[in-house]
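Engineer: with the input below, show me the fold.
(2 chains)
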Amino acid sequence: MSAREESVYEKLRTSLAELEEKLREGKSGEREVHPRILAERTRRIAREPTRLDRAPDSISCIVFERSGRRYAVQLESVDEVGPMSRITRVPGVPAYFLGVAARRGRIVAVVDLPLLFTPDARSETDAEHLVMASNAEVVCAVAADALHNIIEVNRRTIAKAMPTFPPLVQRHTLGVLEDRTVVLDLGSLLSDRSLRVEERG
Amino acid sequence: MALDDAAFEALCETLRNEAVEQVERIGTALLLVERGAEGTAREQLIDEAFRQAHNMKGAASSLGFTHTARLAHAIESVLASLRAMDYERTPEVFDTLNAGLSTVHHALRVDPNPDPDLVIMEAIEGLEAVLLASKPSPGVPLPAPPPPPVVRPADGITVATRSRSPQSILRQHRAAAEAAAPSRNVSAGYNEPKTKHSEPPPHPLASSPLVSSHYDAAPIPAGFGPPPVAFSPPAVGPYGPPTGYVARAEIGGITPPPAPVLSPGTSSGSAPGTSAGSPGTSAGAAVAAARSMAAGGSERGPNPTGQLPKIPNAAAPLRSSTEETLRVSMKKLSALMAQVGELLAARVRTDQRLAELRAVLSAEEERLKAQTAIRAMVRDEAPAKLEGWSERLVEVQNEDLEHERLLVRRLREIVRAFEADALQSTILSGQLQEDIRRIQTFPLASVLEPLPRAVRNMARESGKMVDLVITGAELELDKKVLEELRDPLYHLLRNAIDHGCEQPGIRTAAGKPSRGTIRIRAEHRGDVVTITVSDDGPGVDIAGVRRAAIASGLATALEAAEMPEHRVLELLFAPGLTTRTEVGELSGRGVGLDAVRTNIERLHGTVTVESRQGVGTSFVIVLPLTIYVVHSLLLRIGEEQFAMPISSIQRILRISATDVLEVERTHAIVVDGRPIALVPLATLLGLPVELPPPPERIPVLVIGIGETRCALAVREIVSDQTVLAKNLEPPLVRVRNIAGATILGDGRVVLMLNPIDLLRSASGRDADRFRALLPRVENRPKPRLLLVDDSFTTRALERSVLEVAGFDVVAVADGNEALSALELETFDIVVSDVSMPEMSGLELCSNIRQNDRLRRLPVVLVTSLGSDDDRRAGLAVGADAYIVKSEFDHEVFVKTVNELVGRA
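Structural biologist: I've put the predicted structure just below:
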C-alpha cells in the first residue's frame, strides 16, 4: 500500500471516529454548521439554477409510451403533439403503418413504433396521441398511448443501445435511459429507406 | 370566334400578369440603384430593369397594348440614359420613373383600347422631359451609354410615308389618323427634337407581305429598332444589326394575331424620339399628334385640322370582361388550405361536444322526471305526523324542480342553437374548402385555349395546313403544374408543326390528307395525368438523328450506328441536338426538347417519344399528381370507404349471384355480350370480403382502360362526390392500388383508388375466396330460353322475369324468327305467344315437334286465348304447358319453366 493510500485511509478512519463520537453523544451525524455557511447555502439555493439544457451535451426530449414501451425523442424533431385523429387504414402497407390521418390539411402516415421494431408486438389499445415529426423528406406521426414529461438528457448518461436491439432501433437510437426509455433519433428513423413504401405497379 | 376571343382574353390576362411582375422587378432594381448601388452592380441592375422594360414593350405591342407599349418604351429610354446620368440629378428621375411604372397598371387596364388616355400621356411626357434634360451638353463626354443615341428625322419621314399602307390606315384609330396623317410637318416636328431611340417595327405591318418585302429591301438604319418580342438585350441588343432585323420581320409576321387583335397603327412606333425610320411612325405620329393635342400640346404646334380627338378622363373605362386578379403565392394558399383542414377537424370535435351536451340534456331530463315523481310521492303519501316537515320538503323540492326546469329549458336552447351553428359551420367550411380547391386548380383549358390560334399562325407562316384537336381540356390541375406545362406544350406544338407536318403537296403524294392533324390528348389515369402530343407526320428521321448525334459529339459514328432505335429517339432530348440547321425554324426558338424534359422532370414527370415512320410521332408526358380534383364514387368496403375516380368507371351494374359465371376457376359476368373478370374489390385490397347478403344485388363497377376491363364487386356505393385528392407523402411514396387520399367534409381521410393498379392486381387472382361468398352461384351454364312474342312489352316483362330466374334469354318477335334462331343455336326451352303475325305459336310448336332435332324441346305457350278449346289446341300441337295471360303468375310461370328444364 502506498503512503498516499495510507494517508487517505487514515483520514477516513479519523472521520469515522469523529462521527461515532457524535452519534454516541446523541447529535446528528452532520458536521456543526456555521450560520455563515447556512446563509451562503441559502443564497446558493435561492439562486436560479444553471439551465441544464444549456449544457452542450444535454438534449431535450419528450417521453411517451406505446404498448408499454417508453420512448424519448428529441424535441427538435417533433413538430407537434396532439390528440389522435381518426385513422384511415391503408391496405397493402406493413402493419406498423396504422394508417393515415389528416393533420393541418396534410395526409400523414401514422407509425406504431413497437410494431415497427418488433413485428410480433401486440398493440392492445388504440393510441390516444399523435407525435408529429417531419424532416425535409418525410412527414410522419407516431402513435402514443400516453405522453409523459419533457426531460433533459445528458448524452453522456445515455447507455449505448444493446446489441440485442432490433437493427432498426440500433441504427436510430441514441441509447437507453435507466428507466428503460429508448432515446430515438426520430428524424433519421423516419427517413430510413426500409420504412418507405414504394411499390411499383 | 368565341374560342379565339377567349384565347385572346387569356393572352391578355397573361400579359397583364407578366407586366405587373416586370413592373415590380424594374421597381426593385431602381430602388437598389437609388439606394446607392455602384459600379458593376449598378450597371447590372439598370440592365435588368432595361431588359424587363424592353420585354414588356415587346409583349405589349404584340398584343396591341399600345398604351403599355409606349409607356414601356419611354421607361426603357429613360433607363437607357440612366447609366450616363449624373448622380445629383437622379432623384427626380427616379420619381418620374416610379410614376411611370405606376401608370403601367393603369395602362394595362385601359389597353387594348386605343383611345388616347390623358394619364398615360402625362406619364410619358414626364419621362420624355427627363430624357430631354438628361441629354448631355456637348462638352461632356458620355461614358458609353448602352444604346447610341440616334437621330434620323429625315429617314423617319421617308419610311413613315412609305409605310402608310392602306391596311395600316384602315386599322388606325380614325380620329388620330385624320388628325395626323396629312401633316408631315406635325409628324416631323414632333419627332425631331427628342429623338433618342429607335423603335421596333409594329408586327402587323410586317405581316403584310408587301410591307415585309419592302423592309427586307429597304436600307435599314443602324439605329433601327429591334423586334419587340424575341430579342433580349443586351445579348443581341435592342439596336441590333440590320440582319437581325430582317430575321425579326419574318418572325414578327408569325407572332401577332390578325387584324382585330392588333391595331397596327397604334404600334409603339409613336413614342418620342422615334427614329422616324420606324415603319410604325405614320401611325405613331398620328397618335402622337392626337396625344399632343389632348395634352394641349401647344409646344408641338397647333392641331392642323382643328379637330379634337376624344379626350378620355383619367379613369378610362375598364374592359368590361376583365376580372380583377390578385396574385397570391401558392405557399399562402396551401397554408389556407391547411387551415381549412383544421377547421374541419375542429368541426368534428364540435359534433363531439354537441353529442356530449345532448347526453347531459337527456340526463337532466331524466332527473327532472324522477324529481317530479318524488315530489308527487312526498306530497301525496307523506305520513300525517310529518306534516310540517313534508311541507318544507315539498317546498324545497319545488324550488329544486323549478331550478331543474330552468336548467333543462336553457340546455335545450343551447343544444338547438348549437345544432344550428354546427350545421351552418358545416356548410360554410364545405364551401370554403370548395372555393380554395377552385383557387388551387384550373382546367387544363387555361393552357390549351390559346393553342389553336398559335397553331394556325405557325402553320400559316410555314405554308402548312394543320388542324389541332384537343381532348381532355376540362381536366383540372394544380396551378403550379399548369404554369410549368405551358412552355413544354408550346414547344412540342412548334416541334410538331415544324417536324411533324409535311407540306400539303408532300402529304398528298404520300396518300395522306393535305391537312395535317396534331392531337393533344389529356387523360387522368389513377395518380397520373398523361398528356400526349401527337402528329400524323413523317415520323422521326432516325438516320438524321444518328447523323446529328455524331455531328454534335453525342455519339461516335460506331455508337450511333449500333444504337437501337428507341435509344436514338431518346437522343432527341439530349441538350444541343438538333436535326435542323436552318436559322429561324419554328422549333428553333429557344427551348429545345431537353428543356421540355427538364420542365417536366421538375414536375417529377416523364416525357417519352414514340415514332413510326410515315405514320407520326407522339410525345407522351406523364405527370404524377400532387393535388387534383377528381369526380369520384365513394365506395364502402367493410368499415372503410374508398374513392374511385369516375373517369375510370365504364359501367355500374347491380348483379345477382346467378349472373356470375365461372370461367377457368375465376368468376366473370357478361357485359355487352363479353365476359369480364369479376373480383371483389376487397380481395384486391387484401381486406376481408363482405358483399351484400344473397337476396340483395351486388353493386359492381366495371373499370377499364382500353381493352383491359375488370368488374369489381363492392359492399355498397355510398355516393358520388367531387373531391380534392392529394398524393400520399413519404414514407408512403407509392402504395399499390392507392393513388392518393382526400379529406372529406367531416375530416375523414378517404383513400383514392388507383384503377390501373387494380386492373393489374385483378389479373391472375384466384376465385376461390369469392366463390364461398356466392352461395347461389351455379356452376353449370344457365339454361338458354327462346322467348317468342310479337309484343315488345310482353317480351320485356317476360324477359326480366326469366332473367332474374337465371335463364339466358334470347327474344324474337314471331314464329319464323324463332325457327331461324332454333336452327342456328341450341336452346333448352321455348316460351311462345300464340297469336302472332306470320307464324302463330301453334304452328311454331307443331314445326318444332316435327323436327327430329327439336322434337323433345320443351315448349310453353303463354297466351291471352284462355278458352278450353284454345288450351286443347295448344296441347294438341305438343305444347308442354299452356299459360293464360289473364291468369299469369310470375311464380307459377317460373316454376313451370324451371320444371320443364329440369331445374325444379
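
Engineer: what's in contact with stretch B:607-618?
Structural biologist: Residues from elsewhere that reach stretch B:607-618, judged by CB atoms under 8 Å, 6 or more residues apart in numbering or on different chains: B:488, B:496, B:499-500, B:510, B:532-540, B:542, B:569-570, B:572-573, B:596-597, B:600, B:619-622. The way it works is simple: take the backbone N, C-alpha and C, and place the C-beta from them, glycine included.

Engineer: actually, stretch A:78-86.
Structural biologist: For stretch A:78-86, contacts defined as CB under 8 Å, 6+ apart pick out A:62, A:101-103, A:126-134, A:143, A:147, A:186, B:345, B:348, B:747-749.

Engineer: buried subset of the contacts of stretch B:607-618 as a ChimeraX selection?
Structural biologist: Buried residues among the contacts of stretch B:607-618 (16 or more other CB atoms under 10 Å in any protein chain shown), as a ChimeraX selection:
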select /B:488,496,499,500,532,533,534,535,536,537,538,539,540,569,572,573,596,597,600,619,621,622
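
Engineer: which members of the contacts of stretch B:607-618 are positioned in strands?
Structural biologist: Members of the contacts of stretch B:607-618 lying in strands (criterion: DSSP state E): B:Thr532, B:Val533, B:Ser534, B:Asp535, B:Phe619, B:Val620, B:Ile621, B:Val622.

Engineer: okay, the second one: pLDDT?
Structural biologist: Pointing back at B:Val533 there. As predicted, B:Val533 sits at a pLDDT of 93.

Engineer: hey, what's it bridged with?
Structural biologist: Per DSSP bridges, the residues bridged to B:Val533 are B:Ile520, B:Phe619.

Engineer: sorry, back to before: sitting in strands, which of the contacts of stretch A:78-86 do you find?
Structural biologist: Mapping these onto strands (DSSP E) picks out A:62, A:101-103, A:129-134, A:143, A:147, B:749.

Engineer: chain A: strands as residue ranges?
Structural biologist: Listed from the start of the chain, chain A has strands (DSSP E) covering A:58-66, A:69-74, A:78-83, A:97-103, A:106-111, A:129-134, A:139-144, A:146-154, A:173-176, A:182-184, A:197-198.

Engineer: show me which residues of the third one are buried.
Structural biologist: Going by neighbour count (16+ other CB under 10 Å), the buried part of strand A:78-83 is A:Val78, A:Asp79, A:Val81.

Engineer: ok now that strand, how far from the chain's centre?
Structural biologist: 17 Å (CA atoms, centre = their mean, to the nearest Å).

Engineer: over to the fourth one?
Structural biologist: On the basis of CA atoms, centre = their mean, strand A:97-103 is displaced by 25 Å from the centre of the chain it belongs to.

Engineer: tell me the angle it makes with strand A:139-144.
Structural biologist: 110 degrees (axes from the mean of the first three to the mean of the last three CA atoms, to 10 degrees).

Engineer: what are the buried residues along strand A:97-103?
Structural biologist: So strand A:97-103, judged by 16+ other CB under 10 Å, has buried residues A:Phe97, A:Leu98, A:Gly99, A:Val100, A:Ala101, A:Ala102, A:Arg103.

Engineer: for chain B, what's the nearest residue on chain A?
Structural biologist: The minimum distance from chain A to chain B, using CB to the nearest CB, falls at A:Gly105 (3.1 Å).

Engineer: so for that residue, what's the pLDDT?
Structural biologist: pLDDT, A:Gly105: 72.

Engineer: do the same with the one 5 residues further on
Structural biologist: If you check A:Val110, the pLDDT there is 93.

Engineer: what's near enough to touch the residue nearest to the spatial centre of chain A?
Structural biologist: Centroid-nearest residue in chain A: A:Ala72, 3.7 Å away (criterion: CA atoms, centre = their mean). A:Ala72 makes contact with A:Cys61, A:Ile62, A:Val63, A:Ile151, A:Val153, A:Leu177, A:Thr181, A:Val182, A:Val183, A:Leu184, according to CB under 8 Å, 6+ apart.

Engineer: run a quick neighbour tally on the closest residue to it other than its chain neighbours.
Structural biologist: Counting by CB to CB, 6 or more residues apart in numbering or on different chains, the nearest residue to A:Ala72 once its immediate chain neighbours are dropped is A:Cys61, at 3.8 Å. Around A:Cys61 there are 27 other residues, counting by other CB atoms under 10 Å in any protein chain shown.

Engineer: most neighbours, which of the contacts of A:Ala72?
Structural biologist: Among these, A:Cys61 has the most neighbours (other CB under 10 Å), with 27 neighbours.

Engineer: having no further points to raise, I will conclude here.
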